[in-house]
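**Student:** Got a sequence here, can you model it:
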Amino acid sequence: MTNNRFLSLLGFAHKSRNLVTGEDTCIINIKKGAVKLLFLAGDASDNTKDRFLHLCKSKNIPVRVIEDRDTLSSAIGKVNRTVFGVTDRKFAEEMLKALDV
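**Tutor:** Predicted coordinates:
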């Protein structure tokens, strides 16, 4: 279960434009080397999970699977988003700390 600190950080990252969402946008930013951490919704399709896990593994980007798309999407005020890329290293580090508690 995700905690409030993580969800707050996700919202702050979105507001400060340090978060990219959506499959196509995340793929572009991963290939550019901008994504420092990737979150996948647990209810994303197996094909989506496999594609992003493989891509992130090849680029050495940490990936975390988080509950479901509704939990993640509501934290940023959007609907039906399954892939989230954090583009700021400090936000990425703090989110990992918040999840590991």
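
**Student:** What's the local residue count around the spatially closest residue to Asn3 that is not a sequence neighbour?
**Tutor:** Using CB to CB, 6 or more residues apart in numbering and skipping the chain neighbours, the partner closest in space to Asn3 is Ala98 (6.3 Å). The way it works is simple: take the backbone N, C-alpha and C, and place the C-beta from them, glycine included. Applying other CB atoms under 10 Å, we find 17 other residues in the vicinity of Ala98.

**Student:** What residues of stretch 71-80 count as buried?
**Tutor:** Using 16 or more other CB atoms under 10 Å as the test for burial, stretch 71-80 gives Thr71, Leu72, Ser73, Ala75, Ile76.

**Student:** just to confirm, which helix or strand has Ala75 in it?
**Tutor:** Per DSSP states H and E, Ala75 falls inside helix 69-76.

**Student:** which residues are contacting that helix?
**Tutor:** 2, 7-8, 10-11, 14, 19, 21, 39, 41, 43-44, 66, 79-82, 84 (CB atoms under 8 Å, 6 or more residues apart in numbering).

**Student:** now those: which count as buried?
**Tutor:** Buried among those (16+ other CB under 10 Å): 2, 7, 10, 14, 19, 21, 39, 41, 44, 66, 81-82, 84.

**Student:** Just to check, Asp68 is in contact with Phe39?
**Tutor:** No - with contact defined as CB atoms under 8 Å, Asp68 does not count as touching Phe39 (11.6 Å).

**Student:** May I have the helix or strand bottoming out on mean pLDDT in the chain as PDB, with CA atoms only?
**Tutor:** Every helix and strand in the chain was compared by mean pLDDT, DSSP states H and E; the lowest is helix 69-76, with a mean of 91. Coordinates of each C-alpha in helix 69-76 appear next as PDB, following Å, rounded to 0.1, in the frame of the first residue of the first chain:
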ATOM      1  CA  ARG A  69      -3.900   3.400 -12.000                       C
ATOM      2  CA  ASP A  70      -6.600   5.100 -10.000                       C
ATOM      3  CA  THR A  71      -4.300   5.600  -7.000                       C
ATOM      4  CA  LEU A  72      -1.500   7.100  -9.100                       C
ATOM      5  CA  SER A  73      -3.700   9.200 -11.300                       C
ATOM      6  CA  SER A  74      -5.700  10.800  -8.500                       C
ATOM      7  CA  ALA A  75      -2.400  11.900  -6.900                       C
ATOM      8  CA  ILE A  76      -1.800  14.200  -9.900                       C
END
